[in-house]
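Enquirer: Sharing a sequence plus its predicted fold:
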Amino acid sequence: QGPVCTNLGLKPGQRLTVKGKIAPNAKSFVMNLGKDATFLGLHFNPRFDAHGDVNTIVCNSKKVEEWGAEHRETVFPFQKGGTAEITFGVNQNDVTVHLPGHQFTFPNRLNLSVFDYFDTQGDFTLQSLSWE
């Protein structure tokens, strides 16, 4: 588990940019964005080789202990031992995930009006966090 941020106050029209380093022997890493640790509007999970997925980004939402349907992205711009910069743009009905050379949206299934919580887990070292 990496750093945990609370009281972010991210509202529609705002963006959170995450920069960090991926471990040389990475299997997967996670970034969670939501209301708190139990209400996750976006569980962002790039998997190099984990849970039967290879070079796939798996996204989901979580309400207390209940996970939603998994959403998979096959564009995988991450490299073991490399750096990553990911921007999460909060919109009214979804979150836009900006990756190097690719972007996609994930629906705001929990209808969160504010994203207050962010954490990272797994084979990723957070270097900077900025929002606007």
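Expert: Cool, got the structure.

Enquirer: pretty sure Thr6 is touching Lys35, no?
Expert: No. Applying CB atoms under 8 Å, one finds Thr6 not in contact with Lys35, separated by 9.9 Å. The way it works is simple: take the backbone N, C-alpha and C, and place the C-beta from them, glycine included.

Enquirer: So the two - more neighbours on which side?
Expert: Ranked by neighbour count (other CB atoms under 10 Å), Thr6 and Lys35 place Lys35 first, with 17 against 12.

Enquirer: Tell me the predicted confidence for the more buried one.
Expert: Residue-level confidence at Lys35 comes out at 97, pLDDT.

Enquirer: how about the helices in this protein?
Expert: Along the chain, no stretch is classed among the helices by DSSP state H.

Enquirer: still on that earlier bit, overlap in contacts of Thr6 and Lys35?
Expert: The contact sets of Thr6 and Lys35 overlap at Asp116, Tyr117 (CB atoms under 8 Å, 6 or more residues apart in numbering).

Enquirer: give the contact list for the closest residue to Leu8 other than its chain neighbours.
Expert: With CB to CB, 6 or more residues apart in numbering as the criterion, Leu8 has its nearest non-adjacent residue at 5.2 Å, and that residue is Asp116. With contact set as CB under 8 Å, 6+ apart, Asp116 has these partners: Thr6, Asn7, Leu8, Gly9, Leu10, Gly34, Lys35, Asp36.

Enquirer: again, only this time at 10 Å
Expert: Residues in contact with Asp116 (CB atoms under 10 Å, 6 or more residues apart in numbering) are Cys5, Thr6, Asn7, Leu8, Gly9, Leu10, Leu33, Gly34, Lys35, Asp36, Phe39.

Enquirer: Likewise for Leu8?
Expert: The contact partners of Leu8, by CB under 10 Å, 6+ apart, come to Gln14, Leu16, Leu33, Val90, Val114, Phe115, Asp116, Tyr117, Phe118, Leu129, Trp131.
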